[in-house]
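Undergrad: could you work out the structure for the sequence below:
(chains A and B)
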Amino acid sequence: GAGVSQTPSNKVTEKGKYVELRCDPISGHTALYWYRQSLGQGPEFLIYFQGTGAADDSGLPNDRFFAVRPEGSVSTLKIQRTERGDSAVYLCASSAAGKTDTQYFGPGTRLTVL
Amino acid sequence: RKEVEQDPGPFNVPEGATVAFNCTYSNSASQSFFWYRQDCRKEPKLLMSVYSSGNEDGRFTAQLNRASQYISLLIRDSKLSDSATYLCAVNNNDMRFGAGTRLTVKP
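TA: The predicted structure is shown next:
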């Protein structure tokens, strides 16, 4: 079946702009995660959704970052007033049920802030 | 100290070699453990889960040592196609990843 999909695959924006990154999880997966990966590092946890609610947003670096999952499927990660330090690959993952389940990653969105 | 630590490598080995990676974690309450493989500019892909009793999948063997808080990955008979970065992941409420170990298998 279809895996996790993310759009766009690449996004170039200017400092100070607003961006939205989209994630479509594996069908039927209730848990969805956002990570950020910088060059030479492993993925860094940002936020976890169980259904429609953000069960854990402790990884969001500051209040410029926000994510929603209004219908419990597709999620959007929103970044306001982007900064050059936000440049990274933003990965989405989903799992069947809870946090201890295996997570399957999407291809990521490469965000470049100029 | 980072929650999950890996030797970044790179490990450069000839085809057919056996290579082993370790990954240490700091949270003794961690519940589940995984090895992921990540190719350049691609997403991490699950290689295998790591169970307390150890597990094997073809040329790959994963072990967990809870007392010493590390997991290991052994690759036997390395292939050129095994060249990648290997990420360990440790789950205790949140999934924490190591920075990865880079493996290059050479002819």
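Undergrad: pull the number of nearby residues for the nearest residue to A:Pro43 once chain neighbours are set aside.
TA: Among residues not flanking A:Pro43 along the chain, A:Tyr35 sits closest, at 3.7 Å (C-beta to C-beta, 6 or more residues apart in numbering or on different chains). Any C-beta I mention is one placed from the backbone N, CA and C, and that applies to glycine too. For A:Tyr35, the neighbour count with other C-beta atoms under 10 Å in any protein chain shown is 25.
Undergrad: give me the pLDDT for the most centrally placed residue in chain A.
TA: In chain A, the residue lying closest to the centroid (C-alpha atoms, centre = their mean) is A:Trp34, at 3.2 Å. Note for A:Trp34: predicted pLDDT of 97.
Undergrad: ditto for B:Arg1
TA: pLDDT, B:Arg1: 69.
Undergrad: excluding chain neighbours, what is closest to the residue nearest to the centre of chain A?
TA: Counting by C-beta to C-beta, 6+ apart, A:Trp34 lies nearest to A:Leu46, which is 4.2 Å off, once chain neighbours are set aside.
Undergrad: quick one, what contacts that neighbour?
TA: Taking C-beta atoms under 8 Å, 6 or more residues apart in numbering or on different chains, we find A:Leu46 in contact with A:33-36, A:57, A:59-61, A:65, A:67, A:77.
Undergrad: quick one on the thing from earlier: and whichever strand or helix holds the residue nearest to A:Pro43, what other elements does it pack with?
TA: In this structure, A:Tyr35 is located in strand A:31-37 according to DSSP states H and E. Packed against strand A:31-37 by the contact rule (3 or more C-beta pairs under 8 Å, 6 or more residues apart in numbering or on different chains; DSSP states H and E) you find strand A:44-50, strand A:75-79, strand A:88-95.
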